[in-house]
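A.B. asks: Dropping a prediction and its sequence here:
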Amino acid sequence: MENNLNIFVKSIFVDNMIFAYFLGMCSYLAVSKNVKTSMGLGLAVIFVLGVTLPANYLLENYVLKAGALSWISPNFATLDLSYLSFILFIAVIAAIVQLVEMIIEKFSPALYASLGIFLPLIAVNCAIMGGSLFMQQRAFHNIGEASSYALGSGVGWLLAIIGLAAIREKMEYSNVPKPLRGLGIAFIVVGLMGIAFLAFSGLKI
């Protein structure tokens, strides 16, 4: 349990998808114009990560990696399907994103309209795919660790986009130099936020 908590906290602050790896930057910059829309997309990212990463963990450990199919028959003990992991991870992510899109369209049409094209683009959000590939690389010992990492990564992405959205809303009333208005000042703010998050890298977790 303690290890799961450590993984969760570390994935939020130390291994933040945005500030440590710069994953998911396209939707991060495009949607972070107001807090309400950012909250909606952030929660969608948490949900997609929270479902797809454990599903891909099970897929990796019980179907794809070398010897994973030995639970079916000893004849499959040498079978290695890991070369299919990339395409199957994407298939799982795309299916879950489609489900999220249908749910949001049904229960929150206003949020669905405000997110626009960036909602279905969660399927190709590199933060989502990056989570599954990091899971594969780090070889978590059980699905609990994988789920902790998924939720922590999602919460870290949510905090990052809400923080930027709140700052950008305030900057609407600031006297920003004309050449820097829009994405220019947003890039500067993201850089400063990334430097601030570097302080967490000294945490011993």
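C.D. replies: Yes, it's here.

A.B. asks: Tell me where the longest helix sits in this protein.
C.D. replies: Secondary structure of the chain per DSSP state H: the longest helix is helix 143-171.

A.B. asks: model confidence over that helix, on average?
C.D. replies: Helix 143-171 shows a mean pLDDT of 94 in the predicted model.

A.B. asks: buried ones in it?
C.D. replies: 145-165, 167-168, 171 (16 or more other Cβ atoms under 10 Å). Quick note: C-beta positions are derived from backbone N, CA and C, even for glycine.

A.B. asks: tell me what that helix is packed against?
C.D. replies: On a contact count with 3 or more Cβ pairs under 8 Å, 6 or more residues apart in numbering; DSSP states H and E, helix 143-171 meets helix 2-13, helix 25-31, helix 35-59, helix 126-138, helix 183-197.

A.B. asks: Got phi/psi on residue 93?
C.D. replies: Backbone torsions for residue 93, taken as degrees, to the nearest 10, come to phi -60, psi -50.

A.B. asks: Surely it and residue 126 touch.
C.D. replies: No - here residue 93 does not reach residue 126: they are 10.8 Å apart, not a contact under Cβ atoms under 8 Å.

A.B. asks: Neighbour count: the two, which is higher?
C.D. replies: Higher neighbour count among residue 93 and residue 126: residue 93, with 25 against 16, using other Cβ atoms under 10 Å.

A.B. asks: which one is that one nearest to, not counting chain neighbours?
C.D. replies: Beyond its immediate neighbours in the sequence, the residue positioned closest to residue 93 (Cβ to Cβ, 6 or more residues apart in numbering) is residue 52, lying 5.0 Å away.

A.B. asks: ditto for residue 150
C.D. replies: In space, residue 150 is closest to residue 53, 3.6 Å off (Cβ to Cβ, 6+ apart).

A.B. asks: and that neighbour, what pLDDT?
C.D. replies: Predicted confidence (pLDDT) for residue 53: 95.

A.B. asks: How much space separates it from residue 109?
C.D. replies: For residue 53, the distance to residue 109 equals 28 Å [Cβ to Cβ, to the nearest Å].

A.B. asks: Comparing those two, which residue is more hemmed in?
C.D. replies: A count of neighbours by other Cβ under 10 Å puts residue 53 above the other of residue 53 and residue 109, at 27 against 10.
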